[in-house]
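Q: pasting the structure only:
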């Protein structure tokens, strides 16, 4: 089955700096890679996703890159703000199957 | 669009009792729903995949007789935790797969506390 590794487990940045979270996956059949933001006690919220036919996708301050050959994908948040503080999960999924989540990254943005 | 609700949001029960959690897709039909469990400060762990009109597929290590899943309609899946024990206390989250392949929408979760 799919195995998703996520690093780092915790990340602390100053407001305005960039944050990068990296994930690797094992199943070459995976073709969908979403990123979720989860605040304490709440549901995961999809913030951006990328499919295997695309190498990079950007949405305002958030971008995701995918390297299919190396089987890794990354989340980039620029100009971080305190409200970006949350736990971020990457996930990978072959078509039609359930999501396999990484262990999460607790991001803290300090003013 | 793509709203998923979950009920109840919070439940406290005594050890040995059963608890039913409902997951509904409010504005779309979901042939497939997924049930996850999340312990504090941990990731979401897939428990089972629920397909409308057929038996659920359970992940390794998840007892199907303890966690009963029913997906009787295209908008409703239920998870029943039978004979609950304190170690079953967790945050249970469902998700429903939308029309776009792979995209999943999560319910708000149910916090289960077993005393």
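A: Now that the structure is in, tell me what you want to look at. All of these numbers come straight from a predicted model, not from anything done at the bench.

Q: Low-confidence ranges, the chain, go.
A: Going with chain A. The model of chain A has pLDDT under 70 over residues A:96.

Q: right idea, wrong chain: chain B
A: B:1, B:101.

Q: Grab the nearest non-local neighbour of the residue nearest the centre of it.
A: Chain B has residue B:35 as the residue nearest its centroid, 3.7 Å off, counting by Cα atoms, centre = their mean. Residue nearest to residue B:35 in three dimensions, not counting chain neighbours: residue B:47, with 4.6 Å by Cβ to Cβ, 6 or more residues apart in numbering or on different chains. To be clear about C-beta, it is placed using only N, CA and C from the backbone, and glycine gets the same treatment.

Q: So that neighbour versus residue B:34, what's the distance?
A: 8 Å (Cβ to Cβ, to the nearest Å).

Q: what do you get for residue B:82?
A: Look at residue B:82 and residue B:34: by Cβ to Cβ, they are 20 Å apart.

Q: Ramachandran angles for residue B:7?
A: phi -150, psi 130 (degrees, to the nearest 10).

Q: Repeat that for the one 3 residues further on.
A: Residue B:10 has phi and psi values of phi -150, psi 140 when expressed as degrees, to the nearest 10.

Q: surely it meets residue B:110?
A: Yes. Between residue B:10 and residue B:110 there is a contact at 7.0 Å, judged by Cβ atoms under 8 Å.

Q: coming back round to it: ok, the residue nearest to the centre of chain B - contacts?
A: Residue B:35 is in contact with B:23, B:46-48, B:50, B:67, B:69, B:77, B:79, B:92-94, counting by Cβ atoms under 8 Å, 6 or more residues apart in numbering or on different chains.
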